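Next input, structure requested:
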Amino acid sequence: MKILQVAYPFEPVSTASAGGTEQILALLDRELTALGHKSVVLARAGSRVAGRLVPSAPANADFETSCRAHETALKRLLAREHFDLIHDQGSGIRHWPGGPPVLSTLHLTRSLLGEAPALGPGRHYNLVSRSQRAQYADHVAAWAWPVVPNGIDLHRFRPGGRRADFALCIGRVCPEKGFHHAVAATRAAGLPLVIAGKVYRFDSHVRYFDAAIRPHLGRGVTFIDSPTAALKRELLRRARCVLIPSEVEETSSLVAMEAAACGTPVICFRRGALPEVVVDGKTGFVAEDGIAMANALARLGEIDGNACRRHAQQHFSSQRMAMDYLSLYRALAN
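Presented below is the predicted three-dimensional model:
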């Protein structure tokens, strides 16, 4: 098949991207290419893909310029080439005049998308978790096609090395990720905390870091700014556990999958799809609040790292994700 994957125009696509959507697109592109399919990726300049990259916005373009350049590049590409299917990974194809079928994967929670997707001829939607589907229970798009859970590169995330005595948070440092709960929980348990992530230059993010995280640095909390992919993998292998105290309904969690692949337990809040990824009592613990998260830190000895790895191999591989999408592509293209 010849598949066009359309990314968000704001971030370069690669397996080392900060954004989960960009990582998923890069992995799917790699797996499709390895299986002998023609994968074409429309994405920001500077993206690294296994198939063929069609660059849209320049790497340093602002928001509005990126959107315009992306739309223009898409129109030009469709005018000169035929595709069996378009996989819209950025929820950006709002108005579709016709042509090959379009599958839009909705990676964001419904509250962030702002509206339910509009249906139309040749327009199809899929979701990445059962809890995300429940958010769209009133919308026919939620039930038309199967949920396709995300996957990760199991070869890059492996157990190894000696465990160190710290808990780990990874991701964007912002209010909805709730890292302040991890600070309180690890302080109560007497366990050092490492926060590895990025503070984007949004006012709310900067204020959150300055108020909720910065005062604790050097007092049992370490912040690693914008870690490389290699350092991220090393931290996941060495941490005693990963904490995910999210305050929003997560549609998936690549970090939780990566931790399991490294044999590292995860303690998360019961938010969205997190209980679908973390098996309570087997690959970690699902906590109801910060107090329960602190209590769960004392039970880490109950979790078998080998069981975490086996669970990841059974459920989280990028190969499984690619085969699920190929089945969906074939059904839509017929």
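
Could you give the average pLDDT over the helix ranked longest in the chain?
Selection of the longest helix in the chain by residue count, based on DSSP state H, yields helix 63-80. Looking at helix 63-80 alone, the average pLDDT works out to 90.

Measure how far it is from the centre of its chain, please.
24 Å (C-alpha atoms, centre = their mean, to the nearest Å).

cool, stretch 38-54 as well?
In terms of C-alpha atoms, centre = their mean, the centre of stretch 38-54 is found 19 Å from the chain centre.

so what strands line up beside whichever helix or strand Leu53 is part of?
For Leu53, the enclosing helix or strand under DSSP states H and E is strand 52-55. Within its sheet, strand 52-55 is paired with strand 38-43 (parallel), according to DSSP bridges.

contacts for the partner strand?
In this structure, residues lying in contact with strand 38-43 by C-beta atoms under 8 Å, 6 or more residues apart in numbering are 1-7, 9, 12-13, 22, 25, 28-29, 32-33, 47, 49-56, 70, 73-74, 77, 81, 83. No exception for glycine: its C-beta is placed from N, CA and C like everyone else's.

picking that back up, would you mark the buried spots in the strand holding Leu53?
Neighbour counts over strand 52-55 (16 or more other C-beta atoms under 10 Å) mark Leu53, Val54, Pro55 as buried.

still on that earlier bit, okay, the angle between the longest helix of the chain and strand 38-43?
150 degrees (axes from the mean of the first three to the mean of the last three C-alpha atoms, to 10 degrees).

Thought Arg48 was touching Pro12, still the case?
Yes - in terms of C-beta atoms under 8 Å, Pro12 counts as a neighbour of Arg48; the distance is 7.4 Å.

The two: which has the busier surroundings?
The residue with more neighbours, out of Pro12 and Arg48, is Pro12; 22 against 15, by other C-beta atoms under 10 Å.

Which pLDDT does the model give that one?
Reading off the per-residue confidence, Pro12 sits at a pLDDT of 91.

Contacts only, for it.
Glu22, Ala43, Arg44, Ala45, Gly46, Ser47, Arg48, Ala59 are the contacts of Pro12 under C-beta under 8 Å, 6+ apart.

ChimeraX command to pick out the buried ones of these?
With 16+ other C-beta under 10 Å as the criterion, this ChimeraX line picks the buried residues out of the contacts of Pro12:
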select :22,43,44,47
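
can you map out the helices along this protein?
Counting by DSSP H, residue ranges of the helices within the chain are 20-34, 63-80, 110-113, 130-135, 141-144, 179-189, 203-208, 229-238, 254-261, 274-277, 290-297, 305-315, 318-333.

Among the contacts of Pro12, which one sits closest to Trp143?
Nearest to Trp143 among the contacts of Pro12, counting by C-beta to C-beta, is Glu22 at 27.7 Å.

shaky segments in this structure?
91-98, 113-120 (pLDDT under 70).

Can you give the domain ranges for it?
For the chain, whose domains are defined here by automatic domain parsing, the residue ranges read 2-151+317-333, 167-315.

Take these and write them to TSV, including distance to Gly161.
Formatted as TSV, these follow (distance: least, C-beta to C-beta, whole Å):
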stretch	distance to Gly161
domain 2-151+317-333	20
domain 167-315	5
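
So which of those is nearest Phe157?
Of those, the one closest to Phe157 (C-beta to C-beta) turns out to be domain 167-315, at 3.8 Å.
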